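Asks: Generate a structure from the sequence data that follows.
(chains A and B)
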Amino acid sequence: MKSLLSIENMSVPGRISNASLQIFPGEFVGLIGPNGAGKTTLLRAAMGMIPASGTSSLLAHKINVRPRHVAYLAQEREVVWPISVREVVALGRRAHPDSGGDDQARADAILQRMALDDFATRQIPDLSGGERARVLLARALAQGAPLLLADEPCAALDPIQSIRTAKLLHAEAGNGRAALATLHDLPLAARWCTRLLVIERGVIVADGAPDQILTPELCRRVFDISLTRHGQSWLLEE
Amino acid sequence: MKLILALATLCAGLTLMSLFVGSGNVALRETIWAYFGAGDPLVVLVMQELRLPRAALALLIGAALGFAGAAMQGFLRNPLADPGIVGTSAFAALGAVIALQTGIVALFPMALPLMALGGALISVLALLALAGRGARTTTLILSGVALSSAAAALVSLVLNLSPNPFAANEITFWMMGSLADRSFRHVSVALPILLLGAMLIWRSRKGLDALSFGEETALSMGVNVRRLRLQLILGTACLSGAATAVAGMIGFVGLVIPHLLRRVTGGMPSRLLLPAALGSGALILAADIAVRIILPGRDLKLGVLTALLGTPVFLHMVWKSRGRDT
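Replies: The predicted structure is shown next:
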């Protein structure tokens, strides 16, 4: 199977060293690690937003056609201008200038799917942080790219919205797309991600299914916590 | 679209009005004939060589400032940004001041706008050199602020060392901004540069929309942010530099009008560009008519009036935005 993202020997001085990874269709990959481990830096380097050595397959596409291959949810969520939620999500369709006029319908479908249609006419600066985060994720999904790189898609979300967002990305993966998302909620990541990448001080130290890699030793060493599995759920303790 | 039509109609009305307001008691019928070249040759000269270019420049300069202001606010994601922020207008003013101080203007009147454009060009080159081609937005803006301060200091130095009080007086009056006694030569000097600036900004309009979500998101949406930055800075430099070169310093219009019209157009930066240009064109036309009516014999300066009108609106904006930062 052809990968949607292939990173080889990527290094950012002082922040990432020699990271290599591949993402395939059908995967929802969680990028986990403590604060400052290099999660956001790795996503930015993969997108060509910061100078890095090594290769990212995304950069083989020209800037103007790249949105058809990858969508990106940035950590920055501030929008100062009074733009309506519906317009924001429709902007995601700009990656497809020749899509034949059904852009608004597609954007509306995403709004409905994410239960955002109730406030489609509200303006984005008037929304709460969590609502804004969901709208910006909806914009990224409206892009219709096979791969989504999401920097903390569950940050600022309440528990139920965090679960729904993780389930949504899981379902997207089930539809043949893929997502690579930085996550801090380990039980959530362990429950919904098909694969986890653990990054510690700029080095990918583990890569595999949650069951296999979230050993008590790794959790203690990297996160200084205890994470144990109880059926489908995971329990987090100090 | 309705807003654009309404503003375009307002501009057309004010342009007509501008053609019929001025010193001297010329009958309406005589004024109309004069624009077609008939009647008293002196009246024909005044109408065709002074009032017509004056009205054209008011519209052009207002539109340039509004267009550039809307673009800069969108670019910096800040409703308090204005076209002067890139430092070009301050350098254009410096060029003009040197032209006045050295007396070149007396020998060759068009030296003033041409030297002002030279100043604007120097500032653009200095900005690019200071900030580098791949500079981030903050670096570009800080460089613009530094250039503005340098130009202001140099203008003060010229005034300070001016041996001739008349030259100093002339410089001070020019700095206040005016469209009196401008000719079609001023239009022809400014127009190509204004068109180039407007084209650069117009081509950036979709990128401006994407930039509303930050530079990273814009890049992920297919915008070449580096090129966009350069286009917007150069476009604004062309518009504000050429406007200052022919009209002097006219403040607040490029800041206040885009901000006010955003309430009607909504937040999408691309949708604000044309209304802001037309709205600012209308304001400058109206203000330029007002300076001729309020104090007919005293040559009230256009820049003085726009600053007087703009300051309270600006303070109101700052007052309203105060709660958002806390």
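Asks: When you work out contacts or count neighbours from here on, use the C-alpha atoms and nothing else.
Replies: Fine.
Asks: Quick check: B:Leu154 vs chain A, distance?
Replies: Look at B:Leu154 and chain A: by Cα to the nearest Cα, to the nearest Å, they are 36 Å apart.
Asks: Could you check the pLDDT of that residue?
Replies: B:Leu154 is assigned 95 on the pLDDT scale.
Asks: who are the neighbours in contact with the closest residue in space to A:Asp224 that isn't next to it in sequence?
Replies: Spatially, and ignoring its direct neighbours in sequence, A:Asp224 is nearest to A:Glu238 (7.5 Å; Cα to Cα, 6 or more residues apart in numbering or on different chains). A:Glu238 makes contacts with A:Asp224, A:Ile225, A:Ser226, as judged by Cα atoms under 8 Å, 6 or more residues apart in numbering or on different chains.
Asks: Flag every residue of the stretch 151-300 of chain B that's near chain A.
Replies: Within the stretch 151-300 of chain B, the positions near chain A by Cα under 8 Å from any Cα of the partner chain are B:210, B:212-214, B:216-217, B:219-224, B:266-268.
Asks: same thing with the stretch 1-150 of chain B?
Replies: So far as Cα under 8 Å from any Cα goes, the stretch 1-150 of chain B lies against chain A at B:Arg77, B:Asn78.
Asks: For chain A, what's the nearest residue on the stretch 1-150 of chain B?
Replies: Chain A sits closest to B:Arg77 of the stretch 1-150 of chain B, with a gap of 6.6 Å, by Cα to the nearest Cα.
Asks: Tell me which two in the residues of the stretch 151-300 of chain B next to chain A are the farthest apart.
Replies: Distance extremes for those: the farthest pair is B:Asn224 and B:Gly266 at 24.7 Å, using Cα to Cα.
Asks: how deep is residue 222 tucked in, by neighbour count?
Replies: Answering for chain A, as no chain was given. Using other Cα atoms under 10 Å in any protein chain shown, the number of residues around A:Val222 comes to 17.
Asks: please go with chain B instead
Replies: Per other Cα under 10 Å, the neighbour tally for B:Gly222 reads 20.
Asks: got the CA positions of whatever helix or strand A:Ala171 lives in in PDB?
Replies: Using DSSP states H and E, A:Ala171 maps to helix A:159-174. The C-alpha trace of helix A:159-174 is given here as PDB (Å, rounded to 0.1, in the frame of the first residue of the first chain):
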ATOM      1  CA  PRO A 159     -14.800  15.500  27.600                       C
ATOM      2  CA  ILE A 160     -17.700  14.500  25.300                       C
ATOM      3  CA  GLN A 161     -16.400  16.600  22.400                       C
ATOM      4  CA  SER A 162     -12.900  15.200  22.900                       C
ATOM      5  CA  ILE A 163     -14.400  11.700  22.600                       C
ATOM      6  CA  ARG A 164     -16.500  12.600  19.600                       C
ATOM      7  CA  THR A 165     -13.500  14.200  17.800                       C
ATOM      8  CA  ALA A 166     -11.400  11.100  18.400                       C
ATOM      9  CA  LYS A 167     -14.200   8.900  17.100                       C
ATOM     10  CA  LEU A 168     -14.600  11.200  14.100                       C
ATOM     11  CA  LEU A 169     -10.900  10.900  13.200                       C
ATOM     12  CA  HIS A 170     -11.100   7.100  13.800                       C
ATOM     13  CA  ALA A 171     -14.200   7.000  11.400                       C
ATOM     14  CA  GLU A 172     -12.300   9.100   8.800                       C
ATOM     15  CA  ALA A 173      -9.500   6.500   8.900                       C
ATOM     16  CA  GLY A 174     -12.100   3.800   8.500                       C
END
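Asks: Can you say which of the residues of the stretch 151-300 of chain B next to chain A are buried?
Replies: Burial by neighbour count, judged by 16 or more other Cα atoms under 10 Å in any protein chain shown, picks out B:210, B:212-214, B:216-217, B:219-224, B:267-268 from those.
Asks: Same list, those, but as JSON lines with secondary structure please.
Replies: Formatted as JSON lines, those follow (DSSP: H, G, I helix; E, B strand; the rest coil):
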{"residue": "B:Ala210", "secondary structure": "helix"}
{"residue": "B:Ser212", "secondary structure": "coil"}
{"residue": "B:Phe213", "secondary structure": "coil"}
{"residue": "B:Gly214", "secondary structure": "coil"}
{"residue": "B:Glu216", "secondary structure": "helix"}
{"residue": "B:Thr217", "secondary structure": "helix"}
{"residue": "B:Leu219", "secondary structure": "helix"}
{"residue": "B:Ser220", "secondary structure": "helix"}
{"residue": "B:Met221", "secondary structure": "coil"}
{"residue": "B:Gly222", "secondary structure": "coil"}
{"residue": "B:Val223", "secondary structure": "coil"}
{"residue": "B:Asn224", "secondary structure": "coil"}
{"residue": "B:Gly267", "secondary structure": "coil"}
{"residue": "B:Met268", "secondary structure": "coil"}
